Each structure stands twice: as structure tokens, then as C-alpha cells.
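1. model the following, please.
(one chain, ligands or ions: 2)
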Amino acid sequence: MLFLRMRERPAGPLAWSFLLSIICCGLFGAPCPADDPAPLKNLLDNGGLEGELDPATGLPAGWEVTQTPEKSYKVEVLEGGRSGKKCLRISGEGKMIGIRLKHLPMSPEKRSVISGWMKVTGGDGRISLMHQYLLADGQRAGSMTIGAISKSQADWAQTASIEFVGPNDPFVGQNFVIRAGGKIDVLVDDLEASTLAVTPDDLLLAAGEFEMHYNRTYTGVYKTAASAGGMVELSPDDKRPANGRCCLRMKANAEWATTTLWPVKYEDGKVYTLTGKVRVNSGRASLRIDYYKDENRTDLLGSSTAKATDSKDWQTLSVDTRDNVPAGTTHITATAICYGDAEAFFDQFALVAK
Ligand SMILES: [Ca+2]
Ligand SMILES: [Ca+2]
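-> Numbering: from 1, shown residues only. Ligands and ions are numbered 1, 2, ... in the order given. Predicted coordinates for the structure are as follows:
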């Protein structure tokens, strides 16, 4: 149908570029280069449990199990799983079991993303994935886990999470750890670790990469609002992210609908710049900086909004706080906004101060 319509008139430069983009997308079966995120490499050699195992442990090489009390849990690779022919099973009852899969270095311009699929088949215990942060001397100094999965989740559920560390945190590396506790019988499969290039000194701490979700649900970092009578829903979308595995999808039907990221403390005299990528399937969308006089994202004083786009291809938008910061502003947020009957996508938000 697209080709038929083009025959009705001479093909100008625009039509040719359109035709070329169809050929590029259609004939070679790959997305257009302009939309193609850098390919992600899985840093785990045997995250699907299909490869060779260490004969000494019966687990992929390098995986280390610790548990309290000792021998509370059995860890084995067995037939079955979410993909391929094999998966990991953890079963037993104790206080805690941790399986260290990989050490990942850390640096200001990179963030690690970890993900895996889990299915709890018995017990009332919970399992999660953890970033375990390390100091230069190798000591552990904090960790982050999200979305512990329990038997209430009937089917395979995915947890994916990106490291969240502040600019002054002293961590130099992290361990990717599977962690479970209580009485549990659980299958684990399709584990992945990857690194994402990010903006150094991003005050959003990489929340704007939209890589973190628990079973396809975003956490409370992301807060939605809509105009009176309007609806909005959020989900991670992994079909065409600008980077990584996921981008934010907002489906809305409202005069306006927003998703704010967590609040950042505003300091007088600094200029804050928000950049991000936006595209739509319908409606229009943009990004903006919101000004608050509290840190709960409730008392909105005003906004600085970038010009909205209706482009179906990723557009890079940017806005800063150079004009019109309302008096009394104590916090600002990076905010995704869409207008009308909209399906909009957002990725690679970063907020920096100068
Ligand atoms: Ca597998
Ligand atoms: Ca992303």
C-alpha cells in the first residue's frame, strides 16, 4: 500500500529517502541504522545454563554459592527452563543463599544492567537479583535489589535492574548476585549482565535509561499524573528502545499525561539541562523540567517544556532551567509528557547541572 501511493506522483527527494528507508528496514530485515541501538553483549558466558559446567561444582565456571546456615539449600542445573533445555534450580530452607555470578567493574560513564527470569514453584520464600557494591579493598559496602519474586507470581517473571549509585559513592565494582531466602523451590534461567554507556554526572542516576523493571512493571521511581478525567499507563517496551533493552512506553488518553522521575535537589545559580529521546506512534510527546517546593513531587510550581514532537523516529529533545525558575523551587524533576490519544516512547533521559 505504501508503494502504491508513491506511484501516484513523481518521487521527490523526500519520497526517495522514504523508499530507501523502507528498503533498508524491509529487505534486510533489520531496523534502520538511525534507530539501531548499540548491540548489547551478555557478559555472562552461560546465563542460559545450556553450556558446559564446572565438574567440581556442577555450576557454570566461576559461580560461587554462600548460604546461611551451611547446606540449607541445594543448587543444581537440570532439564527444563524458560528457554533452551536447561535451567538452574535452588531448593531448600534457610536464612539466606547468595550465588555470585560475576564481578562487574564500575565507572562514571557506564552502568551495569542485570536481568533474569525466575519461577517459584514451592515454598513461601523469595528470590531477587542483587547489585552488591564493592570498595577498592574488596569489601562489600551496600547493595541494591528490586522486585523479590515469590510463589504469588504464577509464571516465569523477569527482574531487570540498573545500578543506582551517586556521584560520590566510593564503589569501584560490583557483584551480580542471585539471592534467595526462606523456604523456596525456584527455577532460574536466561540471566544477563550488560553495560550501558551513560552521561557522567547524570543526576537521575540512570533512572532515565528505563532499564529497571519487575515483571514488566516499573517501580515507584516513576510517578504518573494526567489531566482531569484522563488515563495513563506505563510499561517497559523492549521492541525498539533507543538504548539498552527497554524504553518507557506511555499509553495515555488525556489532554496531557506525565511521568516524573525522582526529585533532584535544586541549587540556585546552577543551570540544569535535561536531554532525552522521544518518539510516538500516536499523539505528541515531549520532555520537561518540573519545579517543586517539596521533595514529594506534589507541589508543582511550574515547568520548562521542550517543543513536542509527533515523529515516529527517535528525536533528541533538550530543555534547561535558564529561564523562569519559580521562586521557592527546592526540587526539580525530569518529566516525560504526552498529549492527546497518545502512545509515546521515551529513553536516555539525563539531567546535568553546570
Ligand atoms: Ca536455559
Ligand atoms: Ca533504555
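2. check which helices and strands the strand or helix carrying Gly94 is in contact with.
-> If you go by DSSP states H and E, Gly94 is part of strand 86-105. Applying 3 or more C-beta pairs under 8 Å, 6 or more residues apart in numbering; DSSP states H and E, one finds that strand 86-105 makes contact with strand 64-68, strand 73-79, strand 126-134, strand 173-197. All C-beta atoms are positioned from the backbone trio N, CA, C, and that covers glycine.
3. nearest to ligand 2, of those?
-> Nearest of the helices and strands packed on strand 86-105 to ligand 2, taken as C-beta to the ion: strand 173-197 at 7.3 Å.
4. any idea which helix or strand comes after that closest one?
-> strand 213-214.
5. what about the closest residue to Val188 other than its chain neighbours, how many neighbours?
-> Excluding its sequence neighbours, the residue lying closest to Val188 (C-beta to C-beta, 6 or more residues apart in numbering) is Leu88, at 4.2 Å. Leu88: 24 surrounding residues under other C-beta atoms under 10 Å.
6. thought Ala353 was touching Gln274, still the case?
-> To be clear, residue 274 is Leu; Gln isn't right here. No: if you go by C-beta atoms under 8 Å, Leu274 and Ala353 don't touch, sitting 10.6 Å apart.
7. neighbour count for the two, which is higher?
-> Between Leu274 and Ala353, Leu274 has the larger neighbour count (other C-beta under 10 Å), namely 27 against 16.
8. how close does the more buried one get to Arg240?
-> To Arg240, Leu274 is 22 Å away according to C-beta to C-beta, to the nearest Å.
9. equivalent analysis for Asp202, please.
-> Taking C-beta to C-beta, one finds Asp202 at 22 Å from Arg240.
10. do the same with Ala180
-> Per C-beta to C-beta, Ala180 is found 34 Å from Arg240.
11. and those two? Which one has more around it.
-> Each of Ala180 and Arg240 has its neighbours counted (other C-beta under 10 Å); Ala180 has more, 28 against 17.
12. and that one, how far from ligand 1?
-> 18 Å (C-beta to the ion, to the nearest Å).
13. quick check: that residue touching Leu129?
-> No: with contact taken as C-beta under 8 Å, Ala180 and Leu129 are classed as non-touching, separated by 10.3 Å.
14. contacting residues for Thr219?
-> By C-beta atoms under 8 Å, 6 or more residues apart in numbering, the contact list for Thr219 reads Ile146, Gly147, Met212, His213.
15. list just the nearest of those residues to ligand 2.
-> Taking the contacts of Thr219 together and measuring to ligand 2 by C-beta to the ion, the closest member is Met212, at 9.8 Å.
16. which ones are touching that closest one?
-> Here Met212 is in contact with Ile146, Ala160, Ser161, Ile162, Tyr218, Thr219, Val221 (C-beta under 8 Å, 6+ apart).
17. tell me the contacts of the third one?
-> By C-beta under 8 Å, 6+ apart, the residues touching Ser161 are Val113, Ile114, Ser115, Leu129, His131, Met144, Thr145, Ile146, Gly147, Glu211, Met212.
18. out of these, which are close to ligand 2?
-> Filtering these for proximity to ligand 2 by C-beta under 5 Å from the ion leaves nothing.
19. check pLDDT for those and point me to the minimum.
-> Lowest pLDDT of the contacts of Ser161: Gly147, 72.
20. Tyr218 is in contact with that residue, correct?
-> No: using C-beta under 8 Å, Gly147 makes no contact with Tyr218, being 10.4 Å away.
21. just give the nearest non-adjacent residue to whatever residue of the chain ends up closest to ligand 1, would you?
-> Residue nearest to ligand 1 within the chain: Gly84 (3.5 Å; C-beta to the ion). Spatial nearest neighbour of Gly84, chain neighbours left out: Glu50 (4.4 Å); criterion: C-beta to C-beta, 6+ apart.
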